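Sequence first, then the predicted structure:
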Amino acid sequence: MATPKEHIDEIRRKKFSIGGEVNPLMEDLHQAVKNLSAELYAKDVHFLMELIQNAEDNEYPEGVNPSLELIITSEDITGTGAPTTLLIFNNEKGFSPKNIESICSVGRSTKKGNRKRGYIGEKGIGFKSVFLITAQPYIFSNGYQIQFNEEPCPHTNLGYIIPEWVEENPTLADIKRIYGSHAALPTTTIILPLKP
């Protein structure tokens with residue numbers, strides 16, 4: 001089984017042809033994702049409802065009380081120059097390889113057809129609503145350390161759904177310092193350096 005970093009490298013290589021020929025449809029896909037996110041989520045606060053909905057839909061280890069914590073800091077742990085950063089902590093089971101593949105797609109939710117299991121979301125575009133308030137969301141979960149960028153990737157002319165591995169800015173130590181060193185980090189952390 002591939003490590004999380006190997007999995008991200010594979011997605012970049014196989015799905016987005018990074019390192020190969022640039023697909024001319026990538027620029028059209030970039031505009032479609034940008035327009036879809038902007039039209040569906042015209043209110044800045046909608047991203048918060050999406051994050052709460054995702055926390056509701058997540059799976060939790062047996063015996064764990066689900067929690068969703070938000071911390072706002074003026075510390076720029078991402079090195080993006082953001083004046084404020086929002087960190088979201090969730091004690092869910094964490095992202096699986098299928099969840100990562102889904103978030104690197106449009107309209108391919110792992111929740112589709114699961115309303116009977118109590119899932120609320122299922123469109124496969126909800127997380128993209130964070131781009132209304134951030135240009136670069138980060139996800140740290142189950143060994144995955146990735147970021148997305150609304151600006152098109154120079155290899156593909158596509159933004160929003162191409163994962164980039166994060167080695168630093170932030171590091172797990174940075175995140176733990178903000179969360180508080182007295183407690184272990186929850187399984188999933190989403191970091192949103194806010195647009196000015």
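Looks like it came in fine.

CA only for contacts and neighbour counts going forward, please
Fine.

Buried residues, the one helix or strand Arg177 maps to. List them.
Using DSSP states H and E, Arg177 sits within helix 172-179. Residues of helix 172-179 classed as buried: 174-175, 179 (neighbour count, 16 or more other C-alpha atoms under 10 Å).

Likewise for stretch 84-104?
For stretch 84-104, a neighbour-count test (16+ other C-alpha under 10 Å) marks 84-95, 100-104 as buried.

May I have the residues that are in contact with Glu164?
Contacts of Glu164 were listed using C-alpha atoms under 8 Å, 6 or more residues apart in numbering, and they are 8, 146-148.

Now it, what are its backbone angles?
phi -120, psi 130 (degrees, to the nearest 10).

Look up which residues are beta-bridged to it.
Counting by DSSP bridges, Glu164 forms beta bridges with Gln147.

quick one on the thing from earlier: put the alpha carbons of the helix holding Arg177 into PDB.
The C-alpha trace of helix 172-179 is given here as PDB (Å, rounded to 0.1, in the frame of the first residue of the first chain):
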ATOM      1  CA  LEU A 172       2.800  19.600  12.500                       C
ATOM      2  CA  ALA A 173       4.800  21.300  15.200                       C
ATOM      3  CA  ASP A 174       3.400  24.700  14.100                       C
ATOM      4  CA  ILE A 175      -0.100  23.300  14.200                       C
ATOM      5  CA  LYS A 176       0.400  21.600  17.600                       C
ATOM      6  CA  ARG A 177       1.700  24.900  19.000                       C
ATOM      7  CA  ILE A 178      -1.400  26.800  17.900                       C
ATOM      8  CA  TYR A 179      -3.700  23.900  19.200                       C
END
